[in-house]
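Undergrad: sequence first, predicted model second:
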Amino acid sequence: MNSAISPEDDQAIRFFRTCQALYALLVRQNMMFHQDFISRLRPLLAGRLTHHPCDFLDLGCGDASMALQLAKGHKIGAYTGVDLCEGMLSSAQDNLNVEECTVSLQCMDLLQGLQRYDDRADIILASFSVHHLSEQDKQRFLILGRQRLVDNGCLVLVDHFLKPGQDLQGFIHDVMVHYSGFEGFTREMADLVHEHVSTSDFPVTIEQYRIWGKATGWKTTVVHDCGNWAALLLEPVEEALAE
Ligand SMILES: C[S@@+](CC[C@H](N)C(=O)[O-])C[C@H]1O[C@@H](n2cnc3c(N)ncnc32)[C@H](O)[C@@H]1O
């Protein structure tokens, strides 16, 4: 593993360093709709995955379980996971040990990982990681992603989004109301999640992605929209733009 964590990245990942078990609980209880997104994305990715062993680039990979469930039943050729949190990468390594593919795990910022990726991926996945980036870096992510993809590849963006007309305060309010409805979501958990969401989450609307996507050579399809949680499929439409 390669370590390149800058101090400014620290704020966004402190939560995942200290609260990995809490995040795992949110996923296990499907509080962020992972299972809904997986069941809708799998048929859309199946064509690409059956064609040949795909090269998979997973940005903000966490424990890699999202990618592994999306690719379940298919052979991955090479898996590259990028994450700033060492603990997450260590869990990813455990989960990937049984896979018969080339594995590379990089401990670095996802934009840096994209920049350094010297291949072209068949599938780029960014699941609940890009909303931590600034608006400028979100657009950079789209430009770089377009350049690091094979012509018939795709970018899967599962993330937090603002609902139309919603501001950041409304987003924080609505996601906290949503989580609070789950049994076992304690006051202490709520405080930790609230601190993380209020300091590190910078979602934009799906419409904003459509606009940025169009400008950077992507066709954007909304695969499943759960309000503040959604899955988008972006496919290249034109020549990649220059960096
Ligand atoms: C909400 S978790 C998502 C994990 C997994 N992709 C999933 O869908 O369950 C966000 C992950 O992104 C990582 N992360 C956040 N900001 C990042 C950045 N700028 N570069 C790389 N990883 C980042 C965190 O460490 C964390 O593992």
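TA: Yep, it's here. Computed from a predicted structure; not experimentally measured.
Undergrad: just checking, next helix/strand downstream of the top helix by length along the chain?
TA: Assignment by DSSP state H gives helix 34-51 as the longest helix of the chain. Later in the chain than helix 34-51, the nearest helix or strand by DSSP states H and E is strand 54-59.
Undergrad: now do that next one against helix 34-51, angle only.
TA: Orientation check (axes from the mean of the first three to the mean of the last three Cα atoms, to 10 degrees): strand 54-59 against helix 34-51 gives 150 degrees.
Undergrad: what about strand 54-59, average pLDDT?
TA: Taken as a whole, strand 54-59 carries a mean pLDDT of 97.
Undergrad: and it, does that touch the ligand?
TA: No. Strand 54-59 lies apart from the ligand when judged by Cβ under 6 Å from any ligand atom; the minimum separation is 6.6 Å. (Glycine included, C-beta is placed from N, CA and C.)
Undergrad: that strand packs against which elements?
TA: For strand 54-59, the packing partners by 3 or more Cβ pairs under 8 Å, 6 or more residues apart in numbering; DSSP states H and E come out as helix 65-70, strand 76-83, helix 110-116, strand 121-127.
Undergrad: at 7 Å instead, please
TA: When contacts are defined as 3 or more Cβ pairs under 7 Å, 6 or more residues apart in numbering; DSSP states H and E, strand 54-59 packs onto strand 76-83, helix 110-116, strand 121-127.
Undergrad: so of the ones you listed, which one's packed in deepest?
TA: Among the helices and strands packed on strand 54-59, strand 121-127 has the highest mean neighbour count (mean count of other Cβ atoms under 10 Å), at a mean of 24.
Undergrad: around the ligand, pick out the residues from this protein.
TA: Residues of the chain lying near the ligand by Cβ under 6 Å from any ligand atom: 9, 12-13, 16, 27, 60-62, 66, 82-85, 88, 109-110, 127-129, 132.
Undergrad: which residue is nearest the middle of the chain?
TA: Centrality entry for the chain: nearest residue to the mean C-alpha point is S127, 1.8 Å, by Cα atoms, centre = their mean.
Undergrad: spatially nearest residue to that one, not counting backbone neighbours?
TA: Nearest residue to S127 in three dimensions, chain neighbours excluded: V158, at 4.2 Å (Cβ to Cβ, 6 or more residues apart in numbering).
Undergrad: look up how far L125 lies from L68.
TA: Remark: distance between L68 and L125 (Cβ to Cβ, to the nearest Å) = 11 Å.
Undergrad: across the sheet, point out what pairs with the residue nearest to S127.
TA: S127, A231 (DSSP bridges).
Undergrad: so it makes contact with I124?
TA: No. V158 is beyond contact range of I124, at 11.7 Å (criterion: Cβ atoms under 7 Å).
Undergrad: residues contacting H131?
TA: By Cβ atoms under 7 Å, 6 or more residues apart in numbering, H131 lies in contact with D159, H160, D201, F202, P203.
Undergrad: please redo it, this time with the cut-off set to 10 Å
TA: Residues near H131 by Cβ atoms under 10 Å, 6 or more residues apart in numbering: 12, 60, 138, 157, 159-162, 171, 197, 200-204, 228.
Undergrad: do L70 as well
TA: Per Cβ under 10 Å, 6+ apart, neighbours of L70: 37-38, 41-42, 44-46, 49, 56, 58, 76, 123, 125, 127, 156, 158.
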